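Undergrad: How does the following fold in three dimensions:
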Amino acid sequence: MEDLYTSIANLGFPIAVSIYLLVRIEGKLSNLTTSINELSKAIISLK
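TA: Here you go, the predicted model:
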């Protein structure tokens, strides 16, 4: 039973941190994609 707790502690924490970071980065990537699209439209309008 103690091995089970150790396994959960060793695997659960990194999995939780990874999921948290992926969720946070997803929003920032969406904003970055929008900004890049707007920048390309602005560059096209300058030509």
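Undergrad: quick one: what helix or strand has residue 37 in it?
TA: Assessed by DSSP states H and E, residue 37 sits inside helix 2-46.
Undergrad: centre of the chain versus that helix, how much separation?
TA: Helix 2-46 has its C-alpha centroid displaced from the chain centroid by 0 Å (CA atoms, centre = their mean, to the nearest Å).
Undergrad: What is the neighbour count of residue 27?
TA: Applying the criterion other CB atoms under 10 Å, we find 9 residues in the vicinity of residue 27. All C-beta spots, glycine's among them, are computed from the backbone N, C-alpha and C.
Undergrad: where does it sit relative to residue 6, distance-wise?
TA: The spacing between residue 27 and residue 6, counted by CB to CB, to the nearest Å, is 34 Å.
Undergrad: now do residue 19
TA: Counting by CB to CB, the gap from residue 19 to residue 6 is 21 Å.
Undergrad: likewise residue 39?
TA: If you measure residue 39 against residue 6 using CB to CB, the figure is 49 Å.
Undergrad: again with residue 43
TA: Shown here: residue 43 relative to residue 6, a distance of 55 Å by CB to CB.
Undergrad: Repeat that for residue 17.
TA: Between residue 17 and residue 6 the distance is 18 Å, computed by CB to CB.
Undergrad: swap in residue 20?
TA: Counting by CB to CB, the gap between residue 20 and residue 6 amounts to 22 Å.
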